[in-house]
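1. predicted model and sequence below, questions to follow.
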Amino acid sequence: MAALGIGLIGTGYMGKCHAMAWNAVLPVFGDVEAPRLLHLAETSDERARQRASELGFEKATGDWRTFLDDPLVDVVSITTPNQFHAEMAIAALEAGKHVWCEKPMATALADAERMQEAAARSGKVAVLGYNYIQNPVIRHIRRLLSEGAIGEVNHVRIEMDEDFMADPTTPFSTRSALASGYGALDDFGVHPLSLLFTLFGHVESVVTDMVKPSEERPLSGGGARKVENHDVASVLMRMESGTSVVLMVNRAAWGRKGRIALQVFGSTGSILYDQERMNEFEIYQANGPTENQGFRKVLAGPYHQPYDRFVPAPGHSLGFNDLKVIECRELIAAIGGKPANLIDFKDGLRIERSVHAMAQSFADRGWVRVEA
Ligand SMILES: NC(=O)c1ccc[n+]([C@@H]2O[C@H](COP(=O)([O-])OP(=O)(O)OC[C@H]3O[C@@H](n4cnc5c(N)ncnc54)[C@H](O)[C@@H]3O)[C@@H](O)[C@H]2O)c1
């Protein structure tokens, strides 16, 4: 396949992560053409120029629309705040580009639907940045589950906790405004939903409770403003497969920094995983003498592919940014018409619908079915 031309919009936390992935995908995997890092867009020409020189892009602009006309651009990486995703992704798709857009899809369900329609019309590859599903450990857990390593799965618990909203004195920001979303649910609850989708398929129905640990937050200029969304959500779910799931998300959980803790209980065993310790998992298999049974901790190694592409030695650990490199390799496969482990706009829309159903359930105080 010919070298892909890349345009990147946004160069914050995730923009840098995408840029590093585009730079690393050839050295790590060795089986792709070197992507051409053509255009980088930021909020001003000056900032764009500075970031382009740091991240290895040929051209810089303060107006992302200007590079959509360049026929050499094949893929647009969108790493701007959530409220810009719809406008940018739809424009890129309409300009005939493949799109790699950060999660969540959009702040409004109608926007996510428009994004999916634009993707379907374009025939281009349009995928979301659900990097946690790329962890070789998660891939291995999926294999173990499909091989029946813990029998019939009957109950799943998944919790995502961080503490960036835990301090009640943190000033009010757009994060606490309804315009930015429901709170923990769509801000990062979509990550555990991406794992659930990858391991167990789509959600069928939900019932939700939500909590506001802080009713109001101080304004930086003095005074206070009412918090409009919820930092904590607890959800009971039924998957289409019939599996019963408990999802808990909390962005005000002191001490938790990047926890996505998964517990899968089956008829003959259990599997445990936590993103804060992303290079290991635990498995309990109820066989052999009872007195010898217990959880075994398994460390990631080159046999959990594609770990081997990064380091040949087991137990030496991959990191967060490496997951983006794997996602990038999957995207190149998808663009080449090959099967890929990615969440596209179609499945991403189902995740968005699950989130909106959860919020609806909280408002209605009852179970809500997720639209297929
Ligand atoms: N996949 C993950 O694990 C993960 C982790 C964190 C954030 N995210 C998602 O990534 C996205 C970005 O989050 P972030 O933490 O990188 O934010 P950030 O604030 O660090 O970066 C956003 C960047 O976009 C730029 N930007 C804003 N408007 C722009 C415009 N009109 N044109 C060009 N550039 C513009 C900003 O200047 C900034 O550099 C969000 O959607 C977020 O939900 C994903």
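-> Sure thing, it's come through.

2. what is the burial count for the residue nearest to F265 when sequence neighbours are not counted?
-> Nearest residue to F265, sequence neighbours excluded (C-beta to C-beta, 6 or more residues apart in numbering): H155, at 4.4 Å. For every residue, glycine as well, the C-beta is placed using N, CA and C. H155 is flanked by 13 other residues according to other C-beta atoms under 10 Å.

3. list the buried residues in the helix or strand harbouring H155.
-> Using DSSP states H and E, H155 maps to strand 153-161. Buried positions in strand 153-161, judged by neighbour count with 16 or more other C-beta atoms under 10 Å: V153, V156, I158, E159, M160, D161.

4. next: stretch 287-307.
-> V298, A300, G301, P302, H304, P306, Y307.

5. quick one: average pLDDT of that stretch?
-> When pLDDT is averaged over stretch 287-307, the result is 97.

6. what do you get for stretch 56-67?
-> 98.

7. show me which of the buried residues of strand 153-161 is closest to the ligand.
-> M160 (11.2 Å; C-beta to the nearest ligand atom).

8. so how far is V153 from that closest one?
-> 20 Å (C-beta to C-beta, to the nearest Å).

9. quick one: contacts for whichever residue of the stretch 51-200 of the chain sits closest to the ligand?
-> Nearest to the ligand in the stretch 51-200 of the chain, going by C-beta to the nearest ligand atom, is E102, at a distance of 3.4 Å. Residues near E102 by C-beta atoms under 8 Å, 6 or more residues apart in numbering: M14, I78, T79, T80, H85, L128, G129.

10. do the strand holding H155 and the ligand meet at all?
-> No: remark: strand 153-161 sits outside contact range of the ligand, by C-beta under 6 Å from any ligand atom, the gap being at least 11.2 Å.

11. next secondary structure element downstream of that strand?
-> With secondary structure assigned by DSSP H and E, strand 153-161 is succeeded by helix 184-187.

12. outside of that following helix, which residues touch it?
-> Contacts for helix 184-187 (C-beta under 8 Å, 6+ apart): 104, 107, 160, 175, 180-181, 208, 210, 230-233, 249-251, 352, 355, 358-359.

13. give me the buried subset of the residues you listed.
-> Buried among those (16+ other C-beta under 10 Å): 104, 107, 160, 175, 180-181, 208, 210, 230-233, 249-251, 352, 355, 358-359.

14. can you lay out the buried residues of strand 153-161 as TSV showing pLDDT?
-> Formatted as TSV, the buried residues of strand 153-161 follow (pLDDT from 0 to 100):
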residue	pLDDT
V153	97
V156	98
I158	98
E159	98
M160	98
D161	98
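
15. closest to P27 among those?
-> Checking these against P27 by C-beta to C-beta gives M160 as the nearest, at 31.5 Å.
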